[in-house]
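> coordinates for the following, if possible.
(one chain, ligands or ions: 2)
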Amino acid sequence: MKYRPFGKIGDSVSSLGFGAMNLPGVPLEQARETLNYALDHGITYIDTAAAYRNSEEIIGECISHRRNEYFLATKTNKRDYATAKEEIDRSLTRMKTDVIDLLQIHYVNYVHEFKAAMEEDGAYRAALEAKEAGKVRHIGITGHRPELLAMWIQKDQFDQVLFHLNLAQPFALNELIPEMVRRNMARVAMKPLSGGFIRPVDKAIRYPYSQDVHVIISGMVSVEEVKQNIAAMEREVEEAERRELENMAQKLGEHNCRRCNYCSCPLGIPIPDVMISSVVRQELGLLAKGDGFYEKHKDKITACADYEPCKETPLCQKVCPYHLPMQSVIQAAAASY
Ligand code: SF4
Ligand code: SF4
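Residues are numbered from 1 along each chain as shown. Ligands and ions are numbered 1, 2, ... in the order given. Reported below is the predicted structural model:
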């Protein structure tokens, strides 16, 4: 396991971070074993969020007795001062700790939401006050619009950003990562498998590892998964492999979807999942979870072609800030059944 100073935050953190989002879906004893195994094997960064069901409580229950062994990052998706303040205090209680190392303003994708969080009575003030009170050490932000995040960090109000970076979503490399490097900000990449789609797993993990980020958050729910993640990061990425991975990412990211989630479909088609997995599915095939996704949503995906209200103008495409041709991607996916 590699350890690096975490940008301007300075703490030494492990390159692999434990993503605790899915722990609420497994038995508590499995979560306990997995978290403790991760700490025993060198992972020192734990990432969760108030919004991840009872993930914070699981962390409090399973590893709070080892609190000095990990850097603890959580998030609030509240935008106003009062509810964010309440939620920060709740996170402390749930995780059985006196201090959160990193509190991130969670899932900021729209300009109006950013403005609301940064206003006088916004969530950012609650985070600042918690910092002044010693309850929070650093403040960060997370989101799915890399070019907006690159603008929002201009006033140096944040020490860290959490963003997507994987073989099918290399977009943070354009503006966001270079801007963060210039500002010596802590850089955390999430979803190396894009939620269970991208294979092979070792390449998927090694791609963000080959880039200038401090921590790669990978969601893990079993000892086996922790072992697999650690193994993928055992060797450094040499130049030739880095170029190979970058070429793959250029190809697999051709769909251009940032997963901003602005779009929605009246038929309930999870458009970003189809978009992001589209080229991977065609070029490399998907992980079992990805195949399961296509099986589960087959009826909806195949119904897109006959959906009358979208015949003239696809409803989803009207709102995409990147003007992407989602209808044709969905219909191409349907054709492969
Ligand atoms: S074009 Fe297809 S995916 Fe888009 S909103 Fe219409 S039915 Fe849904
Ligand atoms: S298709 Fe467009 S609107 Fe939908 S998530 Fe992707 S980038 Fe956002």
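
> buried ones in the host helix or strand of Glu113, by neighbour count?
When elements are assigned from DSSP states H and E, Glu113 belongs to helix 111-118. For helix 111-118, a neighbour-count test (16 or more other C-beta atoms under 10 Å) marks Glu113, Phe114, Ala116, Ala117, Met118 as buried. To be clear about C-beta, it is placed using only N, CA and C from the backbone, and glycine gets the same treatment.

> if we ignore the residues flanking it in sequence, what's nearest the second one?
When you say that, I think you mean Phe114. In space, not counting the residues next to it along the chain, Phe114 is nearest to Val108; the distance is 5.1 Å by C-beta to C-beta, 6 or more residues apart in numbering.

> how many neighbours does the one you found have?
Burial of Val108, expressed as a neighbour count using other C-beta atoms under 10 Å, amounts to 24.

> roughly how far does it sit from ligand 1?
As judged by C-beta to the nearest ligand atom, to the nearest Å, Val108 and ligand 1 stand 25 Å apart.

> let's verify that residue: helix, strand, or coil?
With DSSP: H, G, I helix; E, B strand; the rest coil as the basis, the three-state label of Val108 is coil.

> now the strands for this structure?
3-5, 12-14, 16-19, 45-47, 71-76, 100-105, 136-142, 160-164, 186-190, 215-219 (DSSP state E).

> now could you export just the CA positions of stretch 329-337 as PDB?
Output for stretch 329-337, consisting of C-alpha atoms alone and laid out as PDB, is shown next (Å, rounded to 0.1, in the frame of the first residue of the first chain):
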ATOM      1  CA  VAL A 329     -27.500   5.000 -27.200                       C
ATOM      2  CA  ILE A 330     -30.400   3.500 -25.400                       C
ATOM      3  CA  GLN A 331     -31.800   2.100 -28.600                       C
ATOM      4  CA  ALA A 332     -28.500   0.600 -29.600                       C
ATOM      5  CA  ALA A 333     -28.400  -1.100 -26.200                       C
ATOM      6  CA  ALA A 334     -31.900  -2.500 -26.800                       C
ATOM      7  CA  ALA A 335     -30.700  -3.900 -30.200                       C
ATOM      8  CA  SER A 336     -28.200  -6.000 -28.400                       C
ATOM      9  CA  TYR A 337     -30.700  -8.100 -26.500                       C
END
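
> what's it in contact with?
For stretch 329-337, the surrounding residues in contact (C-beta atoms under 8 Å, 6 or more residues apart in numbering) are 255, 269, 271, 274-275, 278, 281-282, 294, 298, 301-302, 304-305.
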